[in-house]
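> Quick one, what's the 3D model for this:
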Amino acid sequence: MDRQARANNGDQLTQEYRQFLDKAATLFPKVDQKLLLDILRFQTAYHDWEGNALIKLVYPAGVDLEKKKEWIFSRYDRVPSIEENKTVRFKAFKMYVQELANLVAEDPEIEYVTGSTSLTPAEAYSA
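So this is what the prediction gives:
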C-alpha cells in the first residue's frame, strides 16, 4: 500500500468517525456524548462489563426532585441524592446504551444526562 492510499484510509476513517459522532448526538441529544461513548465502548469491548455508571439527571427549575428520586428508586432500586437543586444523582447497574435510551424516553422532563462509568466493579464505587 502506497503512502497516498494510507492517507486516504486515514481520511476515510476520520470522516466516518465524525459521521458516527454526529449520529450519536442526533440519537441522544440529551446525553453527554463522553458518557454515551464510554458506555458504548465498555459495552462492546468488554462483554463481562456490568454496566456500572454514576448517572446525573439534570432537570429544569421547578421540577419536583423528590418525586424524581422516588421514580429512580422504584425503577432502579437505588437511593439517589439531589445535587445543586436541579440534579438527581445515582449509581446505576446495567446502564447499557439501550437502558440509557429508555431512561431518557421515560422521563421527558430530563434536560441533560451526564455522569461517568468505568470498568471498576459496582461494589467499588464510593458515595
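> Count the neighbours of the nearest residue in space to residue 83 that is not next to it in sequence for me.
Leaving aside its sequence neighbours, residue 83 sits nearest to residue 89 (CB to CB, 6 or more residues apart in numbering; 5.4 Å). For every residue, glycine as well, the C-beta is placed using N, CA and C. Using other CB atoms under 10 Å, residue 89 has 20 neighbouring residues.
> Surely residue 89 forms part of a helix?
No: assessed with DSSP: H, G, I helix; E, B strand; the rest coil, residue 89 is strand; it does not lie in a helix.
> Please list all residues in contact with residue 116.
Applying CB atoms under 8 Å, 6 or more residues apart in numbering to residue 116 gives the contacts 35, 38, 53-54.
> Just put the residues you listed in JSON lines and tack on pLDDT and neighbour count.
Putting these into JSON lines (pLDDT from 0 to 100; neighbours: other CB atoms under 10 Å) gives the following:
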{"residue": "35", "pLDDT": "98", "neighbour count": "21"}
{"residue": "38", "pLDDT": "97", "neighbour count": "16"}
{"residue": "53", "pLDDT": "95", "neighbour count": "25"}
{"residue": "54", "pLDDT": "96", "neighbour count": "17"}
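> Return the subset of these lying in strands.
Members of those lying in strands (criterion: DSSP state E): 53-54.
> Pull the most distant pair out of the contacts of residue 116.
Taking CB to CB, the two most distant members of those are 38 and 54; they sit 11.2 Å apart.
> hey, what's in contact with both of the two?
116-117.
> Could I get the contacting residues of residue 81?
Here residue 81 is in contact with 69, 88-90 (CB under 8 Å, 6+ apart).
> beta partners for it?
Beta-bridge partners for residue 81, by DSSP bridges, are residue 89.
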